[in-house]
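Colleague: Fold the following.
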Amino acid sequence: AVDIVLSPVTVGGGDYVLVSMRDARAQRARLEELRLKSIALDEAASGIVVTGRDGVILWVNRAVTRMTGYESRELVSQRPSLLKSGAHDEEFYRVLWDTIQAGRTWQGAIVNRRKDGSLYHEEQTIAPVRDADGEVGYFIAVKQDATERIRAEQALRDAHTELARRVVEIEGLQVLLREQVIRDPLTGLFNRRYFDETLAREVARAQRDGGPLTLAMIDLDHFKQVNDRYGHATGDRLLAELGRLLMIQKRSGDLACRYGGEEFAVVLLDADLEGGSLVPTLERLVDA
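Modeller: Residues are numbered from 1 along each chain as shown. Below you'll find the predicted structure:
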């Protein structure tokens, strides 16, 4: 490829044509390279914005128009503040501006507002471009729309929070269900099933360790007369009150159970006649 320039000249009264030819392959290769780079920048998936030192937008690629909803002509000659969402304070923008004005690269996330008013999240890098004298002449911002990723991350965090709440709720229900399985609903004392399991275990432990173990059975005399005269609701209140008294009067390590009907059982650990603690404990229960 050559460039040809034809120039008319007159020499010694005669008219001639001066032909200049130049090998244009290198220049055309450079122009093609620039054209390809321009196409690549315009078609890049990331948004690219070029501004002057004063912050006025000089050029944007197509990704920016898709990201913001503005046409290129609506952005050029404007400032990036056109996209401000109000999500950041003035100190945020001051730090950003001071950083790039000082010739340093700024990286961060910004919440901006599209033309239609909706908010979106940008992750961007703003780099200064220096001229031949080393002075900052332009700024190039490379942007990524991170809205969907941030939404997904927030949804994941919310799901984890909800899962943690559900786990706590389930654990609480498990505790409640376990209590319901081993507790008598009327008196709040342990039930016969739990009594049988625990008594067998404590007897085995006492036999192994050689320690004392006392089982006290408590029965309400003439309880049927209470039900017959005052009704079962009153009888239930009486049983519930007895359960409350047993819970209060027993020692912290002892086991109080509703054995069945108006019968109750208390397993006293480490209490025996020789130690002197058994009789006072039982008398206190009976008195209550």
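Colleague: Going by C-alpha atoms from here, please, whenever you check contacts or count neighbours.
Modeller: Fine.
Colleague: counting contacts, what elements does the longest strand seen in the chain pack onto?
Modeller: Longest among the strand segments of the chain by residue count, using DSSP state E, is strand 119-130. Judged by 3 or more CA pairs under 8 Å, 6 or more residues apart in numbering; DSSP states H and E, the packing partners of strand 119-130 are helix 90-101, strand 106-113, strand 136-145, helix 147-182.
Colleague: following the last one, which helix or strand shows up next?
Modeller: Counting by DSSP states H and E, the element after helix 147-182 in chain order, helix or strand, is helix 192-209.
Colleague: Distance from the chain centre to that next one, please.
Modeller: 47 Å (CA atoms, centre = their mean, to the nearest Å).
Colleague: Check stretch 152-169 too.
Modeller: Taking CA atoms, centre = their mean, one finds stretch 152-169 lying 7 Å from the centre of the chain it belongs to.
Colleague: Name the residues of that stretch that come out as buried.
Modeller: Residues of stretch 152-169 classed as buried by neighbour count (16 or more other CA atoms under 10 Å): none.
Colleague: any idea of the mean pLDDT for that stretch?
Modeller: On average, the pLDDT along stretch 152-169 is 92.
Colleague: Kindly export that stretch (C-alpha atoms) in CSV.
Modeller: C-alpha atoms of stretch 152-169 as CSV (Å, rounded to 0.1, in the frame of the first residue of the first chain):
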residue,chain,number,x,y,z
ALA,A,152,-27.5,-12.2,45.6
GLU,A,153,-25.0,-11.8,48.4
GLN,A,154,-27.7,-9.9,50.5
ALA,A,155,-30.2,-12.6,49.7
LEU,A,156,-27.6,-15.2,50.9
ARG,A,157,-27.0,-13.2,54.1
ASP,A,158,-30.7,-12.9,54.7
ALA,A,159,-31.1,-16.7,54.1
HIS,A,160,-28.3,-17.4,56.6
THR,A,161,-29.9,-15.1,59.1
GLU,A,162,-33.3,-16.8,58.6
LEU,A,163,-31.7,-20.2,58.8
ALA,A,164,-30.0,-19.3,62.1
ARG,A,165,-33.3,-18.0,63.4
ARG,A,166,-35.0,-21.2,62.4
VAL,A,167,-32.3,-23.4,64.0
VAL,A,168,-32.7,-21.5,67.2
GLU,A,169,-36.5,-21.9,67.0
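Colleague: Please state the offset of stretch 126-136 from the chain centre?
Modeller: With CA atoms, centre = their mean as the basis, stretch 126-136 stands 41 Å off its chain's centre.
Colleague: May I have the distance across it, first residue to last?
Modeller: 13 Å (CA to CA, to the nearest Å).
Colleague: Same check on stretch 6-18?
Modeller: Taking CA to CA, stretch 6-18 runs 6 Å from one end to the other.
Colleague: By mean pLDDT, which helix or strand of this structure comes out lowest?
Modeller: Between all helices and strands in the chain, the lowest mean by mean pLDDT, DSSP states H and E belongs to helix 25-43, at a mean of 63.
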